[in-house]
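Trainee: Next come a sequence and a model predicted from it.
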Number of protein chains: 2
Amino acid sequence: MEDLTTRARIRDAAIAQFGVEGFSASVRSIATQAGVSPGLVIHHFGSKDGLRAACDEHVLRVIRDDTTEAICSSTADLFDRLAVAEEHAPLLAYVAQTLLAGGTLAVTFLEHMVTTAEAYLEAAVAAGTIRPSNDPRARARYLVMASVGALLLHLRLNPPVDGSFGTALRSVADVTVLPVLELYTEGLLTSRNMLDSYLMYVSDSPAGTDDHHRAGA
Amino acid sequence: MEDLTTRARIRDAAIAQFGVEGFSASVRSIATQAGVSPGLVIHHFGSKDGLRAACDEHVLRVIRDDTTEAICSSTADLFDRLAVAEEHAPLLAYVAQTLLAGGTLAVTFLEHMVTTAEAYLEAAVAAGTIRPSNDPRARARYLVMASVGALLLHLRLNPPVDGSFGTALRSVADVTVLPVLELYTEGLLTSRNMLDSYLMYVSDSPAGTDDHHRAGA
DNA sequence: CAGTGCGCTAAACAAATGTTTAGTCTCTTG
DNA sequence: CAAGAGACTAAACATTTGTTTAGCGCACTG
């Protein structure tokens, strides 16, 4: 399992180190964890930024290739199946750091999740299991942002003490499933007043910068 | 407006700088922005950590004292009134960084918001405007985590380019209001199957570590 | 076999960091 | 006025950072 190229070993060490320490992790700590000299990592990747770019690329590739695809769609939805990916723990930790740091990979990844979620929701609406929306794209975006945001916040406030990313995810799911299910099936409000008056408002107003909001039938 | 103690000026500069650059902002940059020498900031606060502690304390005090109290409760709920606090923009940016960094202030602040939200929800349930929950505390926690998480994520991915925190908040609200209102009034799912079966499941199971989940009437 | 390239290390380097030191200026206080 | 205290600065210090340099050892190649 450990007969990788030295370059790949450095990359994996970097992903792991970036995942737990954030992107301020030093080249030296990465080199140490990979069992090489600091000079070598820069010899292979040109610079620390080059190393990070290689990590981004690799993470993105793995996620796209692998059946990890499933993770994305389920994350946007429920957290249940997330714990499946215990094996990819370092990758997920890296992605979490990326999202918190907000780089190019972050928007790429989130946009991908939004699109996936939108397609999933559209299919579910067609199948009749999910209610339609006045702005499916905005709904998909919000659901992804809220789910991922809540997950990241939770992980930040309750960091995986024992180092196990999987158990941390599971504990998040434990506290989250019930409220999410309640909210998704019953909503929160008892009357339609706020929604209806808002829909009236946006349909009347000359619409500011965007034309997303359209009061449907 | 600018006739503050030098110490206070340094503190405010630090809050501003930490807010935009994160906590990796250098003592020198803070000193420059405050118009003093690097040595002075450490003369006043002992160390960079001391400075950060002073910032935490000050931010927390301002938020508790001020009528900014209102912000907390509304954040947990809708984003509308958030834009009111344009004046407190540096404070809010600092809080955002704190939450993203996950320190003591972060849990204090979030816990406070959860408690406030729980009380608000309970009152609304009593008033009949919000549906009851099987686990009010967990619901309040999730709503806060999701709202704040979505907000932080959005700000991270669409950083305030023109430097105006307020317009950034408003743009977040624009994209968020409709999905939130839809979700809160109609929910997402068309059937109660998932929720009901989950409630059955947790009421049957011997209950793992906690006894939060209780299938009510 | 000579040589050339490459993986790799040890050491040095330059820049930036938090912090310390020594000293200056100013203001209060005896 | 003398003395001391504290705000404040300029400069140095130690450490850590990313990166460079010089060189070693081994493989492959002519």
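Mentor: Received it, and whenever you're ready, just let me know what you need. Numbering: from 1, shown residues only, chains lettered A, B, ... in the order given.
Trainee: how about the residues of chain A near DNA strand C?
Mentor: Contact residues (CB under 7 Å from any atom of the strand) of chain A with DNA strand C: A:6, A:7, A:35, A:36, A:37, A:38, A:39, A:40, A:43, A:44. All C-beta atoms are positioned from the backbone trio N, CA, C, and that covers glycine.
Trainee: and if we set it to 6 Å?
Mentor: When proximity is defined as CB under 6 Å from any atom of the strand, chain A approaches DNA strand C at A:6, A:36, A:37, A:38, A:39, A:40, A:43.
Trainee: can I get those in JSON lines with neighbour count?
Mentor: Converted to JSON lines, the residues of chain A next to DNA strand C look like this (neighbours: other CB atoms under 10 Å in any protein chain shown):
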{"residue": "A:6", "neighbour count": "13"}
{"residue": "A:36", "neighbour count": "18"}
{"residue": "A:37", "neighbour count": "12"}
{"residue": "A:38", "neighbour count": "14"}
{"residue": "A:39", "neighbour count": "10"}
{"residue": "A:40", "neighbour count": "15"}
{"residue": "A:43", "neighbour count": "12"}
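Trainee: Please identify which two of the residues you listed are farthest apart in space.
Mentor: A:6 and A:38 (13.7 Å; CB to CB).
Trainee: Residue A:131 reaches residue B:183, doesn't it?
Mentor: No. Residue A:131 is not in contact with residue B:183 according to CB atoms under 8 Å; the separation is 9.6 Å.
Trainee: neighbour count winner among these two?
Mentor: Per other CB atoms under 10 Å in any protein chain shown, whichever of residue A:131 and residue B:183 has more neighbours is residue B:183, with 23 against 18.
Trainee: got a list of what that one touches?
Mentor: Counting by CB atoms under 8 Å, 6 or more residues apart in numbering or on different chains, residue B:183 touches A:139, A:142, A:143, A:183, A:184, A:187, A:188.
Trainee: I believe it is in a helix; please confirm or correct that.
Mentor: Yes. Residue B:183 forms part of a helix when assessed by DSSP: H, G, I helix; E, B strand; the rest coil.
Trainee: Next one, pLDDT for residue A:160 please.
Mentor: You'll see residue A:160 listed with a pLDDT of 83.
Trainee: Next, count neighbours for it.
Mentor: Neighbours around residue A:160, by other CB under 10 Å: 16.
Trainee: Spatially central, which residue of chain A would that be?
Mentor: Centroid-nearest residue in chain A, with CA atoms, centre = their mean: residue A:148, separated by 5.3 Å.
Trainee: any idea how far it lies from residue A:89?
Mentor: Distance of residue A:148 to residue A:89, given as CB to CB, to the nearest Å: 17 Å.
Trainee: Over to residue A:23?
Mentor: Counting by CB to CB - residue A:23 and residue A:89 are separated by 18 Å.
Trainee: Contacts for the helix ranked longest in chain A next, please.
Mentor: The longest helix of chain A (DSSP state H) is helix A:104-127. By CB under 8 Å, 6+ apart, the residues outside helix A:104-127 that reach it are A:56, A:59-60, A:63, A:72-73, A:75-77, A:95, A:98-99, A:130-133, A:136-137, A:139-141, A:143-145, A:148, B:153, B:156-157.
Trainee: Following element in sequence after the helix-or-strand element of chain A with minimal mean pLDDT, please.
Mentor: Every helix and strand of chain A was ranked by mean pLDDT, DSSP states H and E. The lowest is helix A:69-75, at a mean of 52. Using DSSP states H and E, the helix or strand that follows helix A:69-75 towards the C-terminus is helix A:89-101.
Trainee: Give me the distance between that following helix and the centre of its chain.
Mentor: Here helix A:89-101 is found 8 Å from its chain centre; the criterion is CA atoms, centre = their mean, to the nearest Å.
Trainee: any bit of it sitting next to chain B?
Mentor: Yes. Helix A:89-101 reaches chain B (CB under 8 Å from any CB of the partner chain) through A:99, A:100, A:101.
Trainee: Out of those, which comes closest to DNA strand D?
Mentor: residue A:101 (14.2 Å; CB to the nearest atom of the strand).
Trainee: who are the neighbours in contact with that closest one?
Mentor: A:22, A:23, B:156 are the contacts of residue A:101 under CB under 8 Å, 6+ apart.
Trainee: how about 10 Å then?
Mentor: Residues near residue A:101 by CB atoms under 10 Å, 6 or more residues apart in numbering or on different chains: A:18, A:22, A:23, A:24, A:52, B:22, B:100, B:156.
Trainee: Render the CA-only coordinates of stretch A:169-186 in CSV, please.
Mentor: Output of stretch A:169-186 as CSV, limited to C-alpha atoms (Å, rounded to 0.1, in the frame of the first residue of the first chain):
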residue,chain,number,x,y,z
LEU,A,169,-19.2,12.8,10.9
ARG,A,170,-21.4,10.2,12.5
SER,A,171,-21.8,12.4,15.6
VAL,A,172,-22.8,15.3,13.4
ALA,A,173,-25.4,13.1,11.7
ASP,A,174,-26.8,12.0,15.0
VAL,A,175,-27.6,15.5,16.1
THR,A,176,-28.8,16.5,12.6
VAL,A,177,-31.0,13.8,11.2
LEU,A,178,-34.1,14.5,13.3
PRO,A,179,-34.2,18.3,12.9
VAL,A,180,-33.6,17.9,9.2
LEU,A,181,-36.3,15.4,8.7
GLU,A,182,-38.7,17.4,10.7
LEU,A,183,-37.9,20.6,8.7
TYR,A,184,-38.0,18.8,5.4
THR,A,185,-41.4,17.2,6.0
GLU,A,186,-43.2,19.7,8.1
